[in-house]
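Student: what follows is a predicted protein model with its sequence.
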Amino acid sequence: MTFGEYIRGIREEKKLLLREVASQMNIDTALLSKIERGTRIARKEQAVALAKALKQNKSQLLQFWMADKIVNMIKDESNIAEILKIVEEEINNLTNKKQQL
């Protein structure tokens, strides 16, 4: 599920109109529509504003947002599995360094 599908599902479940949520976020309705359709990637501040407007857990919503960004970044690469293995190694290294501090 993409970030856009996720937030659209929440918005529709809460029976909120696109223009209502966009207004709470201080963005144009067309921009929110593009984010929901996946033709535009939300900025982090917009994802935070969405969490507030939809009354969702900010951390969880940001996880979906970041995962979607990563998928969009690597989706057209032929060696996705190898890229993700390297990323996992780097994350493990960062985690180990933080634990040593």
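Tutor: Now that the structure is in, tell me what you want to look at.
Student: neighbours of Gly38, how many?
Tutor: Taking other C-beta atoms under 10 Å as the neighbour definition, Gly38 ends up with a count of 14. Quick note: C-beta positions are derived from backbone N, CA and C, even for glycine.
Student: what about stretch 48-63, distance to the chain center?
Tutor: 9 Å (C-alpha atoms, centre = their mean, to the nearest Å).
Student: ends of that stretch, what's the gap?
Tutor: 11 Å (C-alpha to C-alpha, to the nearest Å).
Student: list the buried residues for stretch 47-59?
Tutor: For stretch 47-59, the neighbour count (16 or more other C-beta atoms under 10 Å) marks Ala47, Val48, Ala49, Leu50, Ala51, Ala53, Leu54, Gln56 as buried.
Student: hmm, who's touching the lowest-mean-pLDDT helix or strand in the chain?
Tutor: None of the helices or strands of the chain scores lower by mean pLDDT, DSSP states H and E than helix 80-100, at a mean of 90. Helix 80-100 is contacted by residues Ile74, Glu77 when judged by C-beta atoms under 8 Å, 6 or more residues apart in numbering.
Student: about what we covered before: closest one of the buried residues of stretch 47-59 to Lys34?
Tutor: Leu50 (13.3 Å; C-beta to C-beta).
Student: on contacts alone, who are the packing partners of the helix or strand where the closest one lies?
Tutor: Using DSSP states H and E, Leu50 sits within helix 44-53. Helix 44-53 sits against helix 18-25, helix 58-74, with contacts defined as 3 or more C-beta pairs under 8 Å, 6 or more residues apart in numbering; DSSP states H and E.
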